[in-house]
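Q: Build me a structure from this.
(one chain, ligands or ions: 1)
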Amino acid sequence: MREEKYDVLIVGASLAASAAAKRLVDAGLNVVALERKKLPRNKVCSGILSPRGHRFLIENFGPLPRDILHEPTSCRGVTFHFPSMISISMDFEGGPTPHLNRKFSDYWAVKSSGLNVHEETSFTGLEDDGKLVHVRAMRAGIELKYTARYVIGADGPKSQVRHSVYPDYMKSIPWFMVGQKFQRIIECPLDEDYFHFWFHPGLGHYTWSHARNGRQILGVGFPSGKNLHEYHRNVEAYLRDKHGVKLEPAEEMEGCAQNFGPSLINRYIFGKGNVLITGQAAGFFNMLAEGMSCALHSGAIAGESVVGAIQRNRPVQEVYRRLIASEAKRCTDQWNPFRIIFGNPHEADFKAGMRKLSKREQLAVIRDIFRFMKIYAPYGWGRQILSQSLIRMVLNKYPSGRWL
Ligand SMILES: Cc1cc2nc3c(=O)[nH]c(=O)nc-3n(C[C@H](O)[C@H](O)[C@H](O)COP(=O)(O)OP(=O)(O)OC[C@H]3O[C@@H](n4cnc5c(N)ncnc54)[C@H](O)[C@@H]3O)c2cc1C
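A: Alright, predicted model coming up:
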C-alpha cells in the first residue's frame, strides 16, 4: 500500500485545525488534514463567538461572510438567571459578536486557511518512530496510510489522536452529555439579543437557551449516562412556569459528549514526541462552554510550534509547551476565583452587573452560585482549583508539571 507523505498531518477540519493550518501553510509546509465527515459538516454548538474569537477570525481569515451566520446574526452578551429569579445581563466588551453557523463558518475557515482536506477519512491510529509519524486512517472501508514529520490532533473532545498517545485518558476524566432541542416559538419573553444561562442546580449542570432562525434552543448538560429527554422536560417546564416561555414540541435535537474539566484544574494534555494535541482535544474550554476562541488560539500556537521546531531544529514538544503556556493561563484564569474576584478574566463584566443589584439581591445571587457549584462537588475539582489559583498568584503562571 502506498504511503502518502506530508510535513504535517492534522486530524480534524474544524477551527483549531484551520488556525494551525494557517500558520503551517503560510510557512510553506506541505500539510494535509483528515476529516471523518463530508464537508461542510454540522457541529453541535451554540455558535456564540467571543470577542477574542471574532478578532482572531478577522485578523487571520478576513471579514466574515453573511452566509456563515445564523439569525439573529449577532449576540450582544450573556444573561445569567438565578433560582431567586434575579437576572443579570452583561454585554460583550467591544459590542455584539457573530452567531456562527458552524456548518458553514468552519468550512469557510478551512478554505481560507488553504488547508488540503481528505474528507470522509477517519484517523484510526499512529506510531511515532521518533523521526516520522506513521498514521492509519479509513475511507469507505479501505485502510489508508500516511507518514508525516508531525501530527496535530485537532479532533475535538473524543480525540482519537489523544487516545493513541494516552490510551487510558478517556477513562480517567468525568464525561458530560449536552443536548439541545429546537422548538418553534409561541411566546418567548427571553431577550433574543442575549445568550441565556441558568445557575440552577435543579435543572442541570449546564442549562442554556437562545434564539436561532425563528426557533428557540433549549439545551442542558448533565453527567453522561442520564436521560436527555427527562432533563429537557424539566427545563422546558421551568422556563414555561418561571419565565413565560411557551414553545411548540421539539422539531429537532442534537447532542454530544463533552470533556468539561481539564481547563478548570490546569490538567491539559498536549501530546508526546512529534504528536501535538490542541483545541478542545487538549482540554481547552472557557467558561460557559465557550471553546471556539481557545480552539483557534491553541491551534495557531500548535502550528507555530511546528514551524518554530523546524526552523530552530528543536524538539516540537519543547517549543509547544513553552508557547502554549499563555493560552493555558488565559483559559484557566477564567475559572480561577481570585482572578474572577480581583481581576476580569471574562469578556463581559459580571461584577458591573452585580453592582447594579441591591445588597439583598447580591447576597441572594452569591448564595445561588454556591448552591449551584455544589452539584460539581463529586468531581473533586474545588481543592484543585484553589491550589492552582494560589500557585498562579505566587508564580504568575500555572505549573506545567500537571500537563500530559
Ligand atoms: C452544545 C454546545 C454548545 C457550544 N456553544 C459554544 C458557543 O456558543 N461558543 C463557543 O465558543 N463554543 C461553544 N461550544 C464549544 C465549541 O463548539 C468547541 O469548543 C469547539 O468547536 C472546539 O473546536 P476544535 O477545533 O477543538 O474541535 P471540534 O470543533 O470538535 O472539531 C473536531 C473535528 O475533528 C473531526 N474528527 C473527530 N474525530 C476524527 C477522526 N477520528 N478522524 C478524522 N476527523 C475527526 C470532527 O468531525 C470535527 O470536524 C459549544 C459546544 C457544545 C457541545
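Q: Contacts only, for the residue of the stretch 101-250 of the chain found nearest the ligand.
A: Across the stretch 101-250 of the chain, no residue is closer to the ligand than G156, which sits at 2.6 Å (CB to the nearest ligand atom). Bear in mind the C-beta positions are built from the backbone N, C-alpha and C, glycine included. G156 makes contact with 12, 14, 279-281, according to CB atoms under 8 Å, 6 or more residues apart in numbering.
Q: Write out the residues of the stretch 51-200 of the chain neighbouring the ligand.
A: When proximity is defined as CB under 6 Å from any ligand atom, the stretch 51-200 of the chain approaches the ligand at 122-123, 154-156, 160, 178, 180.
Q: related to what we said a few turns ago, and the contacts of G156 near the ligand, which?
A: 12, 14, 279-281.
Q: how about CSV for the residues you listed, with neighbour count added?
A: Output for these, formatted as CSV (neighbours: other CB atoms under 10 Å):
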residue, neighbour count
G12, 32
S14, 29
G279, 31
Q280, 29
A281, 29
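Q: Dump the residues you listed into CSV; add distance to G221 as well.
A: Listed next are the ones next to the ligand among the contacts of G156 as CSV, based on distance: CB to CB, whole Å:
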residue, distance to G221
G12, 22
S14, 20
G279, 19
Q280, 14
A281, 19
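Q: now the strands for the stretch 251-400 of the chain?
A: Ranges of strands in the stretch 251-400 of the chain, per DSSP state E, counting those that start in this stretch, are 271-272, 275-277.
Q: As a markdown table, those strands with distance to the ligand, mean pLDDT and mean neighbour count would be great.
A: Converted to a markdown table, the strands of the stretch 251-400 of the chain look like this (distance: least, CB to the nearest ligand atom, whole Å; pLDDT from 0 to 100; neighbours: other CB atoms under 10 Å):
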| stretch | distance to the ligand | mean pLDDT | mean neighbour count |
| --- | --- | --- | --- |
| strand 271-272 | 14 | 98 | 21 |
| strand 275-277 | 10 | 98 | 29 |
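Q: For S224, find the nearest of the ones you listed.
A: S224 lies closest to strand 275-277 among the strands of the stretch 251-400 of the chain, at 21.3 Å (CB to CB).
Q: ok, residues contacting that closest one?
A: 126, 128, 133, 150-153, 159, 161-162, 164-165, 269-271, 302, 305-306, 316-317, 320.
Q: Give me the phi and psi angles of the residue in the stretch 251-400 of the chain positioned nearest to the ligand.
A: Using CB to the nearest ligand atom, the single residue of the stretch 251-400 of the chain nearest to the ligand is G291, 1.9 Å away. Backbone dihedrals for G291, given as degrees, to the nearest 10, come out at phi -120, psi -10.
Q: any idea of the pLDDT on it?
A: Predicted confidence (pLDDT) for G291: 97.
Q: what does M1 give?
A: For M1, the predicted pLDDT is 65.
Q: returning to what we had before: now the strands of the stretch 251-400 of the chain as JSON lines including distance to S389?
A: JSON lines is the format used below for the strands of the stretch 251-400 of the chain (distance: least, CB to CB, whole Å):
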{"stretch": "strand 271-272", "distance to S389": "26"}
{"stretch": "strand 275-277", "distance to S389": "24"}
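Q: thinking again about what came up before, nearest to G380 among the ones next to the ligand among the contacts of G156?
A: Q280 (21.7 Å).
Q: for that closest one, what are its contacts?
A: 16, 156-157, 259, 291, 295.
Q: Name the member of the residues you listed with the most neighbours.
A: Neighbour counts for the contacts of Q280 (other CB atoms under 10 Å) peak at A16, which has 35 neighbours.
Q: surely that residue meets P157?
A: No - checked against CB atoms under 8 Å, the pair A16 and P157 is beyond contact range at 11.6 Å.
Q: okay, the nearest residue to R314 once chain neighbours are set aside: pLDDT?
A: Nearest non-adjacent residue to R314, counting by CB to CB, 6 or more residues apart in numbering: G308, 7.1 Å away. G308 carries a pLDDT score of 98 in this model.
Q: Surely G308 touches R321?
A: No - counting by CB under 8 Å, G308 does not reach R321; the two are 11.9 Å apart.
Q: And Y194, how far from I185?
A: In this view, Y194 and I185 are 15 Å apart by CB to CB, to the nearest Å.
Q: neighbour count winner among those two?
A: With other CB under 10 Å as the criterion, Y194 and I185 differ in neighbour count, and Y194 comes out ahead with 23 against 15.
Q: Identify the residues contacting the residue of the stretch 251-400 of the chain closest to the ligand.
A: Per CB under 8 Å, 6+ apart, neighbours of G291: 279-280, 284-285.
Q: need the helices for the chain, in chain order.
A: Along the chain, the stretches classed as helices by DSSP state H are 15-26, 51-61, 102-113, 160-165, 169-172, 228-243, 292-312, 316-333, 337-342, 350-355, 359-373, 381-395.
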